[in-house]
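A.B. asks: Below is the sequence, then the predicted model.
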Amino acid sequence: MAYLLVMGALGLSVCFTLGWGVVRGTRWMLGRLPGVGRKPAQRSARRAPSRPKAPSRPRAAPRTRTRKAAPAKAPREPWRLTRWLARRRSPLPLGLLVLLLYAGSRLAEYGMTFRPQAAPGEFHGLVSTLGWVAAILLALAGMNLLALWRCHRSGGDDRA
């Protein structure tokens, strides 16, 4: 019974992952077609650089020994790699899915240690590979969130 439960859960998660990949791939393909699903207002959302105003004549102010505040620097434009990474939305859900797969297969591996038959060696390799893939995808998801924050902070929100 436990075998059916574990293998059914793994089969369901694999089907979910493949279905999710098909849906994202279809959306990507439809987005590449000209005039489908793309709004013209989204492309021109960036602000035009503001022109500096002509300096006005300063008034004669009494001299005091106060420090002038440093002019506020405009945030630098994010790198192209950062903007590219900010547009990717898939690492976090995919990383969480692989983490759930890893947790389920780790639980199954733990349960197999109490059986009289030994678990196949490939299964242990699969479990460790899933763990590494989950760790890499979650690290990529963290970098994705940092890139989103960086692009949002600089004003060049590149999520479209």
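C.D. replies: Looks like it arrived, so ask away.
A.B. asks: where's stretch 126-139 relative to the chain centroid, distance-wise?
C.D. replies: Relative to its parent chain, stretch 126-139 has a centroid offset of 16 Å by C-alpha atoms, centre = their mean, to the nearest Å.
A.B. asks: Likewise for stretch 16-32?
C.D. replies: The answer for stretch 16-32 is 16 Å, by C-alpha atoms, centre = their mean.
A.B. asks: Run through the residues that contact the residue nearest the centre of the chain.
C.D. replies: For the chain, the residue nearest the mean C-alpha position is residue 144 (3.7 Å; C-alpha atoms, centre = their mean). Contact partners of residue 144, counting by C-beta atoms under 8 Å, 6 or more residues apart in numbering, are 85-86, 88-89, 91-92. (Each C-beta comes from the backbone N, C-alpha and C, glycine too.)
A.B. asks: Also residue 111?
C.D. replies: 2, 6.
A.B. asks: that older thread, got the contact list for the residue lying closest to the residue nearest to the centre of the chain once chain neighbours are set aside?
C.D. replies: Using C-beta to C-beta, 6 or more residues apart in numbering and skipping residues adjacent in sequence, the residue nearest residue 144 is residue 91, 5.0 Å away. By C-beta under 8 Å, 6+ apart, the contact list for residue 91 reads 137-138, 140-141, 143-144.
A.B. asks: The same query, at a cut-off of 10 Å, please.
C.D. replies: 85, 136-145 (C-beta atoms under 10 Å, 6 or more residues apart in numbering).
A.B. asks: same deal with residue 104?
C.D. replies: 5-6, 9-10, 13, 127, 130.
A.B. asks: picking that back up, the residue nearest to the centre of the chain sits in which helix or strand?
C.D. replies: Residue 144 is part of helix 121-153, with elements assigned from DSSP states H and E.
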